[in-house]
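Trainee: here are the coordinates; sequence isn't available:
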């Protein structure tokens, strides 16, 4: 495994590992708005507008993550 080649990665917290994975994925895919599916961009813009109208309707990542992980245990 690649992780074994970089022992310092094993010392990262789970949240930092997820952030690193996201950054690596973004860098590897080099996704740009021009390459993205227009329907996905429209949906994201719509959801952002909804959030801006009512920010309290959203949930922080820590709560979303806990719900996701909790549902896996059920």
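Mentor: Nice, I can see it. Not measured: the values here are computed from a predicted model.
Trainee: So the residue nearest the centre of the chain versus residue 73, what's the distance?
Mentor: Closest to where the C-alpha atoms of the chain average out (CA atoms, centre = their mean) is residue 22, at 6.2 Å. Separation of residue 22 from residue 73 (CB to CB, to the nearest Å): 23 Å. The way it works is simple: take the backbone N, C-alpha and C, and place the C-beta from them, glycine included.
Trainee: just residue 55 next, same as before
Mentor: According to CB to CB, residue 55 and residue 73 sit 30 Å apart.
Trainee: Show me which of the two is the more surrounded one.
Mentor: Just comparing residue 55 and residue 73: by other CB atoms under 10 Å the higher neighbour count belongs to residue 55, 8 against 5.
Trainee: How far away from the center of its chain is whichever helix or strand residue 72 is part of?
Mentor: Assigned by DSSP states H and E, residue 72 falls within helix 61-73. Centroid separation for helix 61-73 versus its chain: 13 Å, with CA atoms, centre = their mean, to the nearest Å.
Trainee: Pull out the buried positions in it.
Mentor: By neighbour count with 16 or more other CB atoms under 10 Å, helix 61-73 contains no buried residues.
Trainee: Quick check: mean pLDDT of that helix?
Mentor: In this model, helix 61-73 has an average pLDDT of 88.
Trainee: And stretch 24-33, by the same measure?
Mentor: In this model, stretch 24-33 carries a mean pLDDT of 75.
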